[in-house]
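Student: Dropping a prediction and its sequence here:
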Amino acid sequence: MEKRKNFCLNLLLRSTTLILILSVIYLSNAEERRIDVLNPHSYPVVGGKWTVHFHTTDSGELRITDHSYPDVEFEELYAKTGDGLVSVPAIIKGKNIIADWSYREGLVVFKVKSAGKHLLEFSFGNTAFAENQAGSISVQRGTKIARGSQITDTISEVNPAKAFVLFRANTNDATPDDWQFTPNITDTTVTFTRYDGGNKFSRIRWQVVESSSISVQRGEEVLSKRVAAVNVTINEVDLSEAFVIVYGRCADENRGDNHAGFFAAKLTNSTNLLLRRGNENKCRATVSWQVVEWDGARVQQGESVIPDLHDNVTASINYVDLTKSFLVFGTASIGSDAGMDSNLIQGKFLSPTEIMFTHEPGTTYGSSERIIDWYVVEIPEASVQSGNVALNSDTVVSINEVNPSRSFHVSSGWNTGGGQTYSNSLYTIELADSTTLSFDKQTTSQTQNITWFVVEIPEVSEVIDVSVSNIPIDFGSLNPNTTDNQPVSGGWPVNVTVHSTTNVMWNLSVKASGDFLGPGVIPISNLEFGNTSANVEEQMSTEYKGPELFDDWYNQSPPSSDTVRSIYLDLTIPPGTEAGDYSTQIFINVTQV
């Protein structure tokens, strides 16, 4: 939904000397009463609060119609005053909340009782709307230490079709049948399976991410020895919103065969998933896949290859916001080299338009080709932190504060040194608290160079908060056949302040309702505007103009502090203009990009 903030300025010409008075009616138009919603789209959490902020002019009956009742429930109506928030009495009539309103600013609070989209209608002279996409995102996490071929932990009840699993495991063994696991989930359990049923203890740190915004398909495929790939038919997904999480395990006790349990996963079209590995002659293998379709996400996918005798590959992507994006991928080890230094891959962003995949820099082998199927996932409502850490022992990393119940993490890394002792490369990672990532390395031998992403889906609203100052404007006494008249007092210029509470990118534009009307007509094109006092050259019209004319009115980032944009006006009075009162209206519009 487009976010915008409108202002209307009444212009009046009167008396035989044609005195022009420019006055502002805050958030007004031709109607006497008006309401403007400041955050028309929000992302609250189920069980949390949905707060809608608004500005009004004049006084009268305020009616708020809850079109989503009983999925959201009215709690309180407040006015913003110089003394803070003041509760305003309201009458509840079915879906309607009715109040006697005489304030400039206010907010209304609802409790969100179910996931999905909800709609409020505000009536106060005009009609305005607010909607939300309430997410029931919930992240559970845990640590399970156990032995055996299956390790199971209990979780709070989830809908498996709305949840995906992430994990890492530490095991004091380097053979694939001991340290390689695949996950599965029921409504109350998460289970990790390996081929060896022996006495090796493993520490598994897991995350279960559930959200009403996602749909998950999952399955497991068993590939016989000498089988390199399998195609899986899935229910149709939107490729621009879907990504794949893949885990594999090899049924082998030979540490030189670990790479036969590494898998890449590619959505070749909207209904087919290609799962593939290398070194298929080494072992039978099981691959676990989760196809995650995230409503509103922007996903780019691709295939990259690190060729023999190379240690990295880069790929160009469409521009993404790195504060809202993370990287997911799987690897098929086509080359025969079995070392950790060539098989363990780190994926990271080099810039908003480029990604890179690397195994240990400087290690090049004649048979080390790696196929990487990758997904760049950008979630508009997300807040993503990322970083790199060189891990040679247990380590903690400080992050900006997040809500752990709404945050998950992914990571990847390359290992220093060769060899096939894969236990030296194992680590687990957990969000220990709201500001700490904890890395637990299985051994202190060798170093793992890790790129990590912490993804938070916060409870936020999209807000444009704007005010206008330096009004009214008095042009003084004007006579016919005078040009480029500037105000003699008042606001020169009109200042539009975009407040730091604005959290979206924005454009500024202006327009007029029409010509000056009175005993005669003064064409609106005789009113010129600009963004500086030396640049008042653009003719006013009845169509919004501005972003295409002035760089500082176009594609502006959310301000870290209050930001002012100026509007300079001058007026030319045509020859023979008949004396009298003339009026028109000027609209100022701040709109989300």
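Tutor: Arrived safely, thanks for sending.
Student: Show me what residue 414 bridges to in the sheet.
Tutor: Residue 414 has these beta-bridge partners by DSSP bridges: residue 449.
Student: which residues does it contact?
Tutor: Applying CB atoms under 8 Å, 6 or more residues apart in numbering to residue 414 gives the contacts 341, 344, 345, 346, 358, 359, 360, 361, 448, 449. Backbone N, C-alpha and C define where each C-beta goes, glycine included.
Student: Isn't the third one up against residue 370?
Tutor: Yes: counting by CB atoms under 8 Å, residue 345 sits close enough to residue 370 to count as a contact (6.4 Å).
Student: And for residue 268, nearest residue in space, chain neighbours not counted?
Tutor: The spatially closest residue to residue 268, leaving aside those adjacent along the chain, is residue 274, at 5.1 Å (CB to CB, 6 or more residues apart in numbering).
Student: ugh, wrong one, residue 195
Tutor: With CB to CB, 6+ apart as the criterion, residue 195 has its nearest non-adjacent residue at 3.9 Å, and that residue is residue 177.
Student: that's a helix at that neighbour, yeah?
Tutor: Yes: read with DSSP: H, G, I helix; E, B strand; the rest coil, residue 177 is one of the residues of a helix.
Student: Tell me, how many residues neighbour the residue nearest to residue 268?
Tutor: Residues near residue 274, counting by other CB atoms under 10 Å, number 17.
Student: for residue 87, same thing?
Tutor: Residue 87: 9 neighbours (other CB under 10 Å).
Student: May I have the residues that are in contact with it?
Tutor: Residue 87 touches 76, 77, 78, counting by CB under 8 Å, 6+ apart.
Student: Just the buried residues out of these, in ChimeraX syntax.
Tutor: Buried subset of the contacts of residue 87, written as a ChimeraX selection, criterion 16 or more other CB atoms under 10 Å:
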select :77,78
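Student: gap between residue 397 and residue 387?
Tutor: Separation of residue 397 from residue 387 (CB to CB, to the nearest Å): 7 Å.
Student: can you list residues touching both of those two?
Tutor: By CB under 8 Å, 6+ apart, the residues touching both residue 397 and residue 387 are residue 452.
Student: out of these two, which sits in the more crowded spot?
Tutor: A direct count of neighbours by other CB under 10 Å for residue 397 and residue 387 places residue 397 higher, at 19 against 15.
Student: What distance do you get for that one to residue 452?
Tutor: Counting by CB to CB, the gap from residue 397 to residue 452 is 8 Å.
Student: Between those two, which contacts overlap?
Tutor: Joint contacts of residue 397 and residue 452 (CB under 8 Å, 6+ apart) are 387, 389, 437.
Student: I'd like to know which of these is nearest to residue 95.
Tutor: Nearest to residue 95 among the shared contacts of residue 397 and residue 452, counting by CB to CB, is residue 437 at 45.3 Å.
Student: That closest one and residue 452 touch, don't they?
Tutor: Yes: in this structure, residue 437 is within contact of residue 452 by CB under 8 Å, at 6.6 Å.
Student: Are there residues contacting both of those two? Which ones?
Tutor: Counting by CB under 8 Å, 6+ apart, the contacts common to residue 437 and residue 452 are 397, 409, 429.
Student: what's around the last one, how many residues?
Tutor: With neighbours defined by other CB under 10 Å, the count for residue 429 comes to 24.
Student: again with the second one
Tutor: Other residues lying near residue 409 total 23 when counted by other CB under 10 Å.
Student: same question, residue 45
Tutor: Here the number of neighbours of residue 45 (other CB under 10 Å) works out to 20.
Student: Check residue 493 too.
Tutor: Here the count is done by other CB under 10 Å, and residue 493 has 22 residues near it.
Student: Overlap in contacts, residue 345 and residue 370.
Tutor: 306, 331, 357, 359.
Student: So which of those is the closest to residue 156?
Tutor: Taking CB to CB as the measure, residue 156 sits nearest to residue 331 out of the shared contacts of residue 345 and residue 370, at 32.6 Å.
Student: Stretch 226-244 - what's its average pLDDT?
Tutor: For stretch 226-244, the mean pLDDT works out to 97.
Student: Other residues contacting it?
Tutor: Outside stretch 226-244, the residues touching it (CB under 8 Å, 6+ apart) are 215, 217, 219, 221, 223, 265-278, 280-281, 287, 289-299, 301, 328, 330, 373, 375, 377.
Student: ditto for stretch 266-275
Tutor: Residues outside stretch 266-275 that contact it (CB under 8 Å, 6+ apart): 221, 223, 229-239, 242, 244, 246, 263-265, 276, 287, 289, 291, 301, 303, 373.
Student: now, which of those residues lie within strands?
Tutor: Judged by DSSP state E, the contacts of stretch 266-275 include 221, 223, 229-233, 242, 244, 246, 264-265, 276, 287, 289, 291, 301, 303, 373 as members of strands.
Student: Emit the PyMOL select command for whichever of the residues you listed are buried.
Tutor: Applying 16+ other CB under 10 Å to the ones in strands among the contacts of stretch 266-275, the buried members can be selected in PyMOL as follows:
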select buried, resi 221+223+229+232+242+244+246+264+265+276+287+289+291+301+373
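Student: Across the sheet, point out what pairs with residue 588.
Tutor: residue 7, residue 510.
Student: Quick check, pLDDT for it.
Tutor: pLDDT, residue 588: 87.
Student: quick one: it and residue 510 touch, right?
Tutor: Yes: taking contacts as CB under 8 Å, residue 588 lies within contact range of residue 510: 5.5 Å.
Student: Identify the contacts common to these two.
Tutor: Common neighbours of residue 588 and residue 510 (CB under 8 Å, 6+ apart) are residue 567.
Student: re the thing from before, using PyMOL, make a named selection holding only the buried ones among the contacts of stretch 226-244.
Tutor: Listed next is the PyMOL selection for buried residues among the contacts of stretch 226-244, using 16+ other CB under 10 Å:
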select buried, resi 215+217+221+223+265+266+267+273+274+275+276+277+278+280+287+289+290+291+292+293+294+297+298+299+301+328+330+373+375+377
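Student: didn't residue 198 look like it was pressed against residue 147?
Tutor: Yes: using CB under 8 Å, residue 198 is in contact with residue 147, at 7.3 Å.
Student: who's more crowded, the two?
Tutor: Of the pair residue 198 and residue 147, residue 147 is the one with more neighbours under other CB under 10 Å, namely 15 against 12.
Student: contacting residues around the more buried one?
Tutor: With CB under 8 Å, 6+ apart, residue 147 has these contacts: 198, 199, 200, 201, 202.
Student: Which member of those is positioned nearest residue 46?
Tutor: For the contacts of residue 147, the nearest to residue 46 is residue 202 (34.4 Å; CB to CB).
Student: Report the spatially nearest residue to the closest one, omitting neighbours in sequence.
Tutor: Counting by CB to CB, 6+ apart, the residue nearest residue 202 is residue 171, at 4.4 Å.
Student: check contacts around the one you found.
Tutor: The contact partners of residue 171, taken as CB under 8 Å, 6+ apart, are 178, 179, 200, 201, 202, 203, 423, 426, 442.
Student: Now the phi/psi pair for it, please.
Tutor: phi -140, psi 140 (degrees, to the nearest 10).
Student: Please apply the same query to residue 71.
Tutor: Backbone geometry at residue 71, expressed as degrees, to the nearest 10, gives phi -70, psi -20.
Student: Grab the nearest non-local neighbour of it.
Tutor: Nearest residue to residue 71, sequence neighbours excluded (CB to CB, 6+ apart): residue 114, at 4.4 Å.
Student: roughly how far apart are that neighbour and residue 214?
Tutor: Remark: distance between residue 114 and residue 214 (CB to CB) = 16 Å.
Student: In terms of neighbours, single out the busier of these two.
Tutor: Each of residue 114 and residue 214 has its neighbours counted (other CB under 10 Å); residue 214 has more, 21 against 14.
Student: what sits against the more buried one?
Tutor: By CB under 8 Å, 6+ apart, residue 214 lies in contact with 162, 163, 164, 292, 293, 294, 295.
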